[in-house]
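# what follows is a protein structure lacking sequence information:
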């Protein structure tokens, strides 16, 4: 048995089997729901504040160059998904964002992994940020355009919610490759 498996206490180790066949060992540590919701609230607040500033100070004005012509802030409204695809399907993106929020909320009950809590918190905060735009921004409820403003050269314009979603997604892929499950167990495939 590897030292890491002994410390982590995966269900397939002899230490877990010693707990008895009738009673599987509970994951160690408290649920990470507080971490998930703290990360989500922080990501959501940063996205919301940044969009309020962009709409108030940058919309209908010339873009602001941050790093030469490599990075600038430019306010645009995006009714579609990434790269402006699917502008006719705004309601579908709204439903998808709402479904992601529901799935994360349900998964939170079984969450014992700190890295998964951070990853899901980023996804939740980002989904809430863009969903807020789709619900409350013009042209109407569930059809609103998302405020994007970070414009790297030769790339799509995006916002902090998009960044949180991408970072959360990358973290989930890395955790999955490492075999770490949201319940804190490690598996080998």
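Perfect, I can see it now. Fair warning: this is a prediction, and the values are worked out from it, not measured in the lab.
# what ranges do the strands span in the protein?
Along the chain, counting by DSSP state E, strands occupy 64-67, 71-78, 146-152.
# go through those and pick out the most buried.
Most buried of the strands of the chain by mean neighbour count (mean count of other Cβ atoms under 10 Å) is strand 146-152; its value is a mean of 21. Just so you know, the C-beta spots here come from the backbone N, C-alpha and C atoms, and that holds for glycine as well.
# got the domain boundaries for this structure?
1-29, 31-178 (automatic domain parsing).
# distance to residue 184 added to the ones you listed, as JSON lines?
Listed next are the domains of the chain as JSON lines, based on distance: least, Cβ to Cβ, whole Å:
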{"stretch": "domain 1-29", "distance to residue 184": "4"}
{"stretch": "domain 31-178", "distance to residue 184": "4"}
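# let me know which of the ones you listed is tucked in deepest.
domain 31-178 (a mean of 17).
# so how far does that one reach from one end to the other?
End-to-end distance of domain 31-178 (Cα to Cα, to the nearest Å): 20 Å.
# off-centre distance for that domain?
7 Å (Cα atoms, centre = their mean, to the nearest Å).
# worst average pLDDT in the domains of the chain?
Set side by side, the domains of the chain give their lowest mean pLDDT on domain 1-29, at a mean of 45.
# output the strands of the chain in CSV; the columns should cover distance to residue 179.
As requested, the strands of the chain are arranged in CSV below (distance: least, Cβ to Cβ, whole Å):
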stretch, distance to residue 179
strand 64-67, 38
strand 71-78, 36
strand 146-152, 34
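# of those strands, which is nearest residue 86?
Ranking those by proximity to residue 86 (Cβ to Cβ) places strand 71-78 first, at 10.1 Å.
# tell me which residues are up against that closest one.
54-55, 58-61, 63-66, 84, 87, 137, 145-153, 157 (Cβ atoms under 8 Å, 6 or more residues apart in numbering).
# grab the nearest non-local neighbour of residue 118.
Closest residue to residue 118 apart from its sequence neighbours, by Cβ to Cβ, 6 or more residues apart in numbering: residue 39 at 5.4 Å.
# distance of the one you found from residue 111?
Distance from residue 39 to residue 111, counting by Cβ to Cβ, to the nearest Å: 12 Å.
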